[in-house]
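Student: Give the three-dimensional model of this entry:
(chains A and B)
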Amino acid sequence: MINDFSGSARIHPQGAGRNLPAMIRIVIVDDHAGFRAQARMLLEASGFDVVGEAEDAANAVALVHELHPDVVLLDVQLPDNDGFWVVDQLSEENNGNGPHIIMISSRQARDYGSRLTSVPGLGFIHKPELSRSRFEEVLADVS
Amino acid sequence: MTIAERLERRLERLYRRLGPRHLAAARLFSVALLGVSIAAMLPVYLAYIPESTGKGLRAFVVIEAIVIGSGWFGAARSWARASAPVDHWLAGNSSKEETFAAWLCIRSLPRELVRRAMAWGVGGMLLPALAYGAIEFEASVVDVASAALAGLATGFWVSMMFVPAYELYLRPVRLELARRVARDHHVEPQVRTRLGAKLLIAVPLISLLTSFAVAIVATAPGNGWRQLAILALVAILATVTLSAGMVVLLTRALVTPIEELLDTTRRVDDGDLSSRAAVTTDDEIGEIGLSFNDMLDTIAQLSTANRQLLDEVRSSRSRIITASDAERVRIERNIHDGAQQRLVTLALKIRMLRDDPGVPAAAEERLRACSGELDVAMSELRDLARGLHPSVLTTDGLLGAIEQLAARFGFSVDIDVPARRWAGGVEATGWFVISEALANAARYARASAARVRVQQVDGNLVVEVSDDGVGGASIGIGSGLVGLVDRVEAVGGRLAIDSPAGQGTIVTAEIPLAIGAIA
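Tutor: Below you'll find the model as predicted:
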């Protein structure tokens, strides 16, 4: 787990959704260090604040408790439990007031069928399509 | 203590004293007893023919001497050969087959010896002896015939006494053999009489009636020819009476046990391999029953072994399929976890590089081409993974998986699938059938439309895939449909293909719902 409080306060260029602060704080959960680094670079270059990274489901939940991020970029396939388990944990505990969750996967959304669509307010980005515009688009949808 | 028990004890003591020399002792005993039995004819000749002339009497004595001598010779001569299997067994050769042969031999031995003694003494020598007596001593025809009949009757009578006496003598060997045979053939030991012995019961009856006939002839008035006529008449009456008795006896001894045996064969024929013939007699038919039961044991063992082998093959086939399904799930996961993950990271890197304002326009164009190529690679890898085991099948079951699958084909697919779940193995098999059948329709049948229908019918998942293609598909070697048949049959299901040329193809699979869920 890498905590990064690089407090370079940048104002989010687009302002995003109503429910979001100007400086959006993000936690990235993925078991691939290469992907995490890439996503961090991409998001930070887009003006977001990546406050932490986790590599498995248990650490993801712990980290969210600790950092209270605005958004969790959450990989579906994790070594211990899968991303949906993390979603369940966070939504139970926070009673709907937790962070916005955007699932990411190398599979496509239709590969998960109802598991994705049955959770209201859950975002999804197919990993190869991760870009600033796609992230902002999905974020606007979920917030 | 009853007389029988006391006798039994005395016998046991005697047997112990004799030790293993029973057979040798029995040999002496039997030859002596046979001699006595044949010699016993002599006083009967005298008793039945009181009016005989001196010449006639001398003739009888000569006849009798010849018959006794040759009968005795016959029995003694046959002994070694007739008892060979028992000797062999007593010498320590006691395999299952050898024991059974000794058992058969010892049970038929007394009867066999009597038969041989009679064959030699009566069958072989009686007529020449009679002829000699008649010519040499000028005895009358009636005298000679009466002597012959009376001699025969008495000989049989005494021989009959000889059989049980002899069996008593051989008892320890016989009992031991009976015990061994019973153990080898899984039946209760039998101590009843043999068929031949049963039929021998007829002999005293014949003798008795014949003796009466002789007595009537001897006291009848008139000349020799008249007496002979009366004798013939009485003999005919006696034969008819005896025949009726024999028929009853034979029916009881032969027909009833044979019918029982027949019933058993019918039950076995109807598939009841546990059925066994009731062996109620200790005779040859009982032996047929025993060997028949032995044969059934062997068949039942073979059948059980075959069934076990088949069960093993079936369950191993099913395990292989289950393992292969689990392996497909694992490989699908690994593709996404490994290669696909690296490609994704690479794609992101290229995109960031492309968006970097410091990258010259020419390089940006090339990076765009790289991205395009990478997208194709990732898409192909994704299709490969889905073909192995679509993850939506695990999450959403058949309907979701089929909807996703149908979108990949260039023709319309009408989907009639209930939105419900079945066990993992059932869904995996169903999905395999549907995806293979649709792939076949796309690849070979040049179909323009297809229909997928899934129903649950009586404990089976019935999957039907039809298309409007060229038809003519068959389950031949090299056709992808063989793999489909194997896959469905491995989980205990059935697959049928109806594909008339020019009229499309219908693939129907019945998959039992009872197959285990895959890991």
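Student: burial measure for B:R314, as a count.
Tutor: When neighbours are counted by other Cβ atoms under 10 Å in any protein chain shown, B:R314 registers 14. All C-beta atoms are positioned from the backbone trio N, CA, C, and that covers glycine.
Student: What score does it have for pLDDT?
Tutor: Among the per-residue scores, B:R314 holds a pLDDT of 85.
Student: Confirm for me that it is in contact with B:E489.
Tutor: No. Taking Cβ atoms under 8 Å as the definition, B:R314 is not a contact partner of B:E489, at 9.3 Å.
Student: so what's the residue in chain A that chain B sits nearest to closest to, chain neighbours aside?
Tutor: With distances taken as Cβ to the nearest Cβ, chain A approaches chain B most closely at A:G113, which sits 3.4 Å away. Closest residue to A:G113 in three dimensions, ignoring its sequence neighbours and counting by Cβ to Cβ, 6 or more residues apart in numbering or on different chains: B:D396, at 3.4 Å.
Student: In this structure that neighbour contacts A:L116, no?
Tutor: No. In this structure, B:D396 sits apart from A:L116 without contact. The criterion is Cβ under 8 Å, and the distance is 10.1 Å.
Student: okay, those two: which has more neighbours?
Tutor: A side-by-side neighbour count of B:D396 and A:L116, using other Cβ under 10 Å, places B:D396 first with 24 against 19.
Student: From A:R115, how far out is the more buried one?
Tutor: When distances are taken as Cβ to Cβ, to the nearest Å, B:D396 and A:R115 turn out to be 7 Å apart.
Student: quick one: contacts for B:L393?
Tutor: B:G400, B:A401, B:E427, B:A428, B:W431 (Cβ atoms under 8 Å, 6 or more residues apart in numbering or on different chains).
Student: so which of those residues comes closest to chain A?
Tutor: B:G400 (4.1 Å).
Student: Just the pLDDT for A:R10.
Tutor: Per-residue confidence at A:R10 stands at 39 (pLDDT).
Student: cool, B:L513 as well?
Tutor: The per-residue confidence score, pLDDT, reads 90 for B:L513.
Student: try the one 4 residues further on
Tutor: The predicted local confidence for B:A517 comes out at a pLDDT of 40.
Student: Point out the residues in chain A that sit beside chain B.
Tutor: Of all the residues in chain A, those in contact range of chain B (Cβ under 8 Å from any Cβ of the partner chain) are A:32, A:34-35, A:38-39, A:41-42, A:45, A:77, A:105-108, A:110-115, A:127-128, A:130-131.
Student: For ChimeraX, what selects the buried ones among those?
Tutor: With 16 or more other Cβ atoms under 10 Å in any protein chain shown as the burial test, the buried ones among the residues of chain A next to chain B are selected in ChimeraX as follows:
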select /A:32,35,38,39,42,77,105,106,107,108,110,111,112,113,115,127,128,130,131
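Student: Restricted to helices, list the residues of chain A next to chain B.
Tutor: A:G34, A:F35, A:Q38, A:A39, A:M41, A:L42, A:A45, A:R110, A:D111, A:Y112, A:S114, A:R115 (DSSP state H).
Student: now those residues as a markdown table including pLDDT and distance to B:L384?
Tutor: Written out in a markdown table, the entries for these read as follows (pLDDT from 0 to 100; distance: Cβ to Cβ, whole Å):
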| residue | pLDDT | distance to B:L384 |
| --- | --- | --- |
| A:G34 | 88 | 22 |
| A:F35 | 90 | 21 |
| A:Q38 | 89 | 24 |
| A:A39 | 91 | 25 |
| A:M41 | 90 | 29 |
| A:L42 | 89 | 27 |
| A:A45 | 88 | 33 |
| A:R110 | 79 | 16 |
| A:D111 | 82 | 13 |
| A:Y112 | 82 | 18 |
| A:S114 | 76 | 24 |
| A:R115 | 79 | 22 |
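Student: And those, which two are furthest apart?
Tutor: A:A45 and A:S114 (34.7 Å; Cβ to Cβ).
Student: what's the burial count for the residue in the stretch 1-150 of chain B positioned nearest to chain A?
Tutor: Nearest residue of the stretch 1-150 of chain B to chain A, counting by Cβ to the nearest Cβ: B:K96, 65.2 Å away. Residue neighbour count, defined by other Cβ under 10 Å, stands at 13 for B:K96.
Student: In what element of secondary structure is the nearest residue to it once chain neighbours are set aside found?
Tutor: Leaving aside its sequence neighbours, B:K96 sits nearest to B:D184 (Cβ to Cβ, 6+ apart; 4.8 Å). Using DSSP states H and E, B:D184 falls within helix B:171-185.
Student: now could you export just the CA positions of that helix as PDB?
Tutor: Taking C-alpha atoms only, helix B:171-185 is exported to PDB below (Å, rounded to 0.1, in the frame of the first residue of the first chain):
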ATOM      1  CA  ARG B 171     -18.700 -92.800   4.200                       C
ATOM      2  CA  PRO B 172     -15.800 -90.800   5.600                       C
ATOM      3  CA  VAL B 173     -14.300 -90.200   2.200                       C
ATOM      4  CA  ARG B 174     -17.700 -89.400   0.800                       C
ATOM      5  CA  LEU B 175     -18.700 -87.000   3.600                       C
ATOM      6  CA  GLU B 176     -15.400 -85.200   3.300                       C
ATOM      7  CA  LEU B 177     -15.800 -84.900  -0.500                       C
ATOM      8  CA  ALA B 178     -19.400 -83.700   0.000                       C
ATOM      9  CA  ARG B 179     -18.200 -81.000   2.500                       C
ATOM     10  CA  ARG B 180     -15.500 -79.800   0.100                       C
ATOM     11  CA  VAL B 181     -17.800 -79.700  -2.900                       C
ATOM     12  CA  ALA B 182     -20.400 -77.900  -0.900                       C
ATOM     13  CA  ARG B 183     -17.800 -75.300   0.100                       C
ATOM     14  CA  ASP B 184     -16.400 -74.900  -3.400                       C
ATOM     15  CA  HIS B 185     -19.800 -74.600  -5.000                       C
END
